[in-house]
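J.: mind folding the following:
(chains A and B)
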Amino acid sequence: MAKYEPVLLKNVGVPNIRTLNVYRSRGGYNAAKKVLTEWTGDQTVEVIKSSGLRGRGGAGFPCGMKWSFLPPDRKITYLCVNADESEPGTFCNRVLMEEDPHQLLEGILIAGYATRSTAAYIYMRVEFHEQFHILQKALDEAYAAGVFGKKLFGTEYNLECYIHRGAGAYVCGEETGLIESLEGKRGWPRIKPPFPAVEGLFRRPTVVNNVETICCVPHIVERGVDWFKSIGTENSSGPKLYTVSGPVKRPGCYEAPLGLSCRELIFGDDFGQGMIDGKKVKGCIPGGLSVGVLTEKELDCKLDFDDVRKYGLLGLGTAGAIVIPHDADIRQVLANVTRFYSHESCGQCTQCREGTNWLYKIAQRIAMGAGRIADLDLMVEVTKNMGMMGGLSICGLPDGAAFPIRTIVEKFRPEFEDHIRRQEPGRVEQVIRHVNPAAYELPILGQRSQPATV
Amino acid sequence: MAWQTVDRLTPVVDEKAPAVLSDAVREKIRSFFPRYETRRAALLPALHIVQDALGHVSLSAMKEIAEVLEIPPSAVMDTMSFYTHFWDHPKGKKVIVLCRSLSCQVMGADRVLAEVKDQLKIDEHGTTVDGQYSLLTEECLAACDHAPCMLVNEKLHKRIKPDDVGKIIKDTKNADVSMLRSDLFDKPAMASVDLPTTSDVKEMKDA
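T.: Alright, predicted model coming up:
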């Protein structure tokens, strides 16, 4: 494969790239100027639509399509940029905001113009302290230079841009949760429809896009649709930021065309460069925690929007790979994954609130050495009965919880069974008695108080 | 025994207490109003500002925020209790936030957490007796390439080994962010270091 020339990360490492002048000297804001002075908003939407740019936030919804859903007779439109990057294993948005803040701002300007937005809100998670200060300084500079504000580039177009800081909630990365949180309420996702494109922030038409999606926009404008389509595979065009973390030699954020294989990401010379300390790969979570797990044998899975589904995964997700080494206890991994979702479930839908907590309790019990073989079936059963795909929940969080838990249990089942068989006898009874003393003292339970042995 | 009655006529002492929020804080909250269509949308920035100024958001502070935003106090508490970032009781001068998600766990975050607990002699959500440190664990901090990582106030410490913990905790400048700050939100209350702000830089440029 020929050496790939980075697009989104092309400015990384350039000294003082966070200042406006240096960014401009490298061709920055040319695309924005071209769009604002030469194109109409609808024309821009058409260009993005024909480029086949799909949202990079996880769901992979076509970006141009999202923009074209806005009602044509609208007066006020809002653009929300989702920088609430909380998916474990993902940090490409952080890198984009840290290394090249003006690229994001230029993308916001174009996206705002295309959607005829009056204000753009960057919803940034609160743990991004340094990134907030970097982006705010870049924004101040852009305002001072007339990039944001009134009558931009000599046209009649006005756009205000604000950074809104979140306060530590994973569910605010969901688009309607983000909107609720922006309105100053708890980040409870809304029932759709109405979709945000019709009735979103402050009940106005709203577009919510991920940072990475927005960052792709200036490059499409500058280099054209054909160039963008020539990168990647047929249904998944464009460059993508892949992140790899865990015990690899070179963890970090790398850019590649869509369709990179997971093995390449971990072992490739341009990417992770293999494992440290001679460790072996037990499994890999290829796209942020919510997509599910690949075993060592399945590492040849191509990371694009379609191929991942053949391996029982939810989707591409955010393409943030977490490598699980061979010496990690799979029971601890499962306990960690279930804890994440039980902690981050917002508590609106019953099967998510109760289901994730139930799964966490079971996983904890297995990790304490008091598992039962029946627990594994029970976990799979619970995950099959939660989520938006079954029409049971408002948002996709329980789907995101179901896939990793189910794939871990199913793909590593022999290992779990092995652990459970080697548990010390009497441990199950001891732990259950410790967790719930009533189970042994209430006579009404009768036979049910006997520990299950199957 | 006679019926006991509750005296609701005499005002509760707390309501007579002096205002918690200073005028500067109120003004700062009001400066966020033009950004949003509704007053309530300025609630999250308001909570950030109050927590930065006072260290935590007390019940009386919540009431006063509600006054400024012209929303019911219950709405403030409703929103505040949802988010993990806000404290309704005093916290330590520095808050240590350890990442406990999968990437950090496979890189040994458990050992780092045990070491921090051991050194500070506190448990999660605890504050040391001298009020210097509070300890929290959070889900992914989006710094998985630097796993295991930990935040001390605003500073991110990367690739921590259990042996480094003692050094980081003893360092008085461990919350010092090495880059320029925006004036928009203050640095967290009671931080012992003075960090340059953007207005400082303007002065530096002018000079």
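
J.: for the stretch 1-150 of chain A, what lies in contact range of chain B?
T.: A:85-91, A:93-94, A:119, A:125-130, A:132-134, A:136-137, A:140 (C-beta under 8 Å from any C-beta of the partner chain). Backbone N, C-alpha and C define where each C-beta goes, glycine included.

J.: now do the helices in the stretch 351-454 of chain A.
T.: A:373-384, A:397-411, A:413-421, A:427-435, A:438-441 (DSSP state H, counting those that start in this stretch).

J.: buried set for stretch A:14-33?
T.: A:17, A:18, A:20, A:23, A:28, A:29, A:31, A:32, A:33 (16 or more other C-beta atoms under 10 Å in any protein chain shown).

J.: closest to chain B among these?
T.: Nearest to chain B out of the buried residues of stretch A:14-33 is residue A:18 (C-beta to the nearest C-beta; 9.4 Å).

J.: tell me which element the closest one is part of?
T.: For residue A:18, there is no host helix or strand (DSSP states H and E).

J.: list the contacts of it.
T.: Residue A:18 makes contacts with A:100, A:101, A:102, A:134, A:137, A:138, as judged by C-beta atoms under 8 Å, 6 or more residues apart in numbering or on different chains.

J.: could you single out the nearest of these to residue B:113?
T.: residue A:134 (28.8 Å; C-beta to C-beta).

J.: tell me how many other residues surround the closest one.
T.: Neighbour count of residue A:134, defined by other C-beta atoms under 10 Å in any protein chain shown: 19.

J.: which strand or helix spans it?
T.: helix A:129-144.

J.: helices or strands next to that helix in the packing?
T.: Applying 3 or more C-beta pairs under 8 Å, 6 or more residues apart in numbering or on different chains; DSSP states H and E, one finds that helix A:129-144 makes contact with helix A:20-25, helix A:92-99, helix A:101-114, strand A:119-124, strand A:160-165, strand B:155-157.

J.: and the two most separated of the contacts of residue A:18?
T.: A:100 and A:137 (13.4 Å).

J.: those two - which one has more neighbours?
T.: Neighbours were counted for residue A:100 and for residue A:137 using other C-beta under 10 Å; residue A:100 has more, 24 against 19.

J.: for residue A:287, which non-adjacent residue is closest in space?
T.: With sequence-adjacent residues excluded and distances taken as C-beta to C-beta, 6 or more residues apart in numbering or on different chains, residue A:287 is closest to residue A:317, at 3.0 Å.

J.: from chain B, how far off is residue A:391?
T.: 25 Å (C-beta to the nearest C-beta, to the nearest Å).

J.: cool, residue A:389 as well?
T.: Residue A:389 is 23 Å from chain B, by C-beta to the nearest C-beta.

J.: likewise for residue A:37?
T.: From residue A:37 to chain B the distance is 28 Å (C-beta to the nearest C-beta).

J.: got a list of what that residue touches?
T.: A:153, A:154, A:155.

J.: count of residues packed around residue B:125?
T.: 11.

J.: check contacts around residue A:275.
T.: So residue A:275 contacts A:247, A:248, A:249, A:266, A:281, A:323, A:325 (C-beta under 8 Å, 6+ apart).

J.: can you pick the most crowded of those?
T.: residue A:323 (28 neighbours).

J.: wait, it sits on residue A:250?
T.: No: assessed by C-beta atoms under 8 Å, residue A:323 is found out of contact with residue A:250, at 11.8 Å.

J.: quickly list what's touching both of these two.
T.: Joint contacts of residue A:323 and residue A:250 (C-beta under 8 Å, 6+ apart) are residue A:272.

J.: I figured residue A:82 hits residue A:175, correct?
T.: Yes: between residue A:82 and residue A:175 there is a contact under C-beta under 8 Å: 7.1 Å.

J.: joint contacts of those two?
T.: residue A:208.

J.: if we can go back for a sec, just the buried subset of the residues of the stretch 1-150 of chain A next to chain B, please.
T.: Using 16+ other C-beta under 10 Å, the buried members of those are A:85-91, A:93-94, A:119, A:125-130, A:132-134, A:136-137, A:140.
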